[in-house]
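Visitor: Quick one: sequence and predicted model below, then my questions.
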Amino acid sequence: MSNEVDIQGYTDPKFEMIKDAFKENFEEFNEVGASFAVFLDNKFVIDIWGGHSNPEKTNLWNKDSIAKVYSTNKVIASICALILVDKGLLDLDAPVARYWPEFAQAGKEKLLVRCLFSHSAGLPGFDEKITVEDLKDWDKIINIIAKQKPWWEPGIKIGYHATTMYYLLGELVRRISGKPINKFFREEIGKPFSIDYHIMLPEKFQTNRADMIPPKVTFSSFVWDETDRNSYLFKVWSNPDLRKVHDNDPIWCEIATRGFGNARSVAKLGSIIANGGFLDGVQILTAGTIAKSMEEQIFDTDLVLGSKNRYGLGWGLKTDYHSLPSPNTAYWGGMGGSSIIMDLDNKMSIAYVMNKMRRQPLDETQKNKYTSDSRGNRLVKTVYELL
């Protein structure tokens, strides 16, 4: 079958060449369906999409197609918590237990709120055995975390909180606002600004959900088959066991660790950070809070991922490894390839969302300076060349 792609959407004449880069991803990497967007100086200069929303290539990826973005969702969860920081309702230097008294168990009474944003809380995984079904039970997971002892001294080391970060930040949002984080997002940002992004996915929006296409060897299978059983990586990614739960299982629509959107919605949300806290002329965050979010919290070798990471409050910051052109830039990405870049110097937010997931060789990843995934890297590189 031909992999010729019909690119739809809008491109500012200055960025017309982005379509060539978008097509090259279909030719070189057998992209199935994807969207790419750039929000610059209060407007979209790129908002394109193409391909198909299912592996059989019978359904076109359209303007309203949305896909699961995995850990790109951490950026949106962090923005929700930062809104409370901005309002003076959440103090970064207060102990978590001030807002969540049960959290003080097992030596965590002095653990600071800011550690929850920077993967340095020492709670990257679960000591108690859980299932994917358990992830739906917010109270159960919160109780498990509350009584758990940190795996290292908080604030001293970092280890990617792949799943737990959502519950840690989400519980603070719930304790302070009285709303689950998905409802908080919807009422504070999603609905007022008509942004088609969802933490969890209500049934009425599922008709636009693209099917994820995992690699032949999934990351979960890799963890079980090829990693040291004593490593932090195994401890984090083997519990719960994801091998028998397909990426398209409807259960993920009911779990707050998963966000669903397209490049347009993700880029628009990223513009809150990139554009001085404003969204459609309304101030969501003040400059002071954004400046705090861009301050280095910790820069060290991640005990889970193995890479050297520099974290701000909820996202990665520029390093020699992630050598983005603008110094004042934040980024993150999701398993399989989605990504977001927030360039404060250029007031530019960039997002890439797709449905074909890749597991690429380490040496390929290390060559990419803009995003870990080679497809997003090509697109972002092209944007900066055209800027």
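Guide: In hand now; what should we look at? Computed from a predicted model, the values in this text were never measured in an experiment.

Visitor: As a check, name the ranges of all strands in the stretch 101-250 of the chain.
Guide: 198-199 (DSSP state E, counting those that start in this stretch).

Visitor: Are we agreed that residue 67 is in a helix?
Guide: No - Residue 67 is assigned strand when assessed by DSSP: H, G, I helix; E, B strand; the rest coil, not a helix.

Visitor: Could you pull up the residues touching it?
Guide: 33, 53, 209-210, 212, 260-262, 338, 353-355 (Cβ atoms under 8 Å, 6 or more residues apart in numbering). For the C-beta atoms, the positions are set from N, CA and C on the backbone; glycine is no exception.

Visitor: can you put those in JSON lines and add neighbour count, distance to residue 44 and secondary structure?
Guide: Converted to JSON lines, the contacts of residue 67 look like this (neighbours: other Cβ atoms under 10 Å; distance: Cβ to Cβ, whole Å; DSSP: H, G, I helix; E, B strand; the rest coil):
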{"residue": "33", "neighbour count": "27", "distance to residue 44": "20", "secondary structure": "strand"}
{"residue": "53", "neighbour count": "21", "distance to residue 44": "21", "secondary structure": "coil"}
{"residue": "209", "neighbour count": "20", "distance to residue 44": "23", "secondary structure": "strand"}
{"residue": "210", "neighbour count": "28", "distance to residue 44": "20", "secondary structure": "coil"}
{"residue": "212", "neighbour count": "21", "distance to residue 44": "25", "secondary structure": "coil"}
{"residue": "260", "neighbour count": "25", "distance to residue 44": "20", "secondary structure": "strand"}
{"residue": "261", "neighbour count": "28", "distance to residue 44": "15", "secondary structure": "strand"}
{"residue": "262", "neighbour count": "29", "distance to residue 44": "12", "secondary structure": "coil"}
{"residue": "338", "neighbour count": "32", "distance to residue 44": "18", "secondary structure": "coil"}
{"residue": "353", "neighbour count": "32", "distance to residue 44": "14", "secondary structure": "strand"}
{"residue": "354", "neighbour count": "32", "distance to residue 44": "18", "secondary structure": "strand"}
{"residue": "355", "neighbour count": "30", "distance to residue 44": "21", "secondary structure": "coil"}
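
Visitor: What I need now is the residues you listed written out in CSV, including distance to residue 15 for each item.
Guide: Listed next are those as CSV, based on distance: Cβ to Cβ, whole Å:
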residue, distance to residue 15
33, 21
53, 24
209, 28
210, 24
212, 28
260, 26
261, 21
262, 18
338, 20
353, 18
354, 19
355, 23
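
Visitor: tally of neighbours for residue 242?
Guide: Using other Cβ atoms under 10 Å, the number of residues around residue 242 comes to 18.

Visitor: 537 is where my numbering starts, stick with that
Guide: Fine by me, first position is 537 from now on; the one you just mentioned is residue 778.

Visitor: was I right about it contacting residue 667?
Guide: No - taking contacts as Cβ atoms under 8 Å, residue 778 lies outside contact range of residue 667: 10.1 Å.

Visitor: Could I get the contacting residues of the residue nearest the centre of the chain?
Guide: Per Cα atoms, centre = their mean, the C-alpha nearest to the average position across the chain is that of residue 608, at 1.4 Å. For residue 608, the contacting residues are 795, 802, 868-870, 874-876, 887, 889, by Cβ under 8 Å, 6+ apart.

Visitor: now swap in residue 736 and tell me
Guide: Residue 736 makes contacts with 718, 789-792, 794, as judged by Cβ under 8 Å, 6+ apart.

Visitor: For it, report the pLDDT, please.
Guide: Listed pLDDT for residue 736 reads 97.

Visitor: now do residue 537
Guide: pLDDT recorded at residue 537 is 46.
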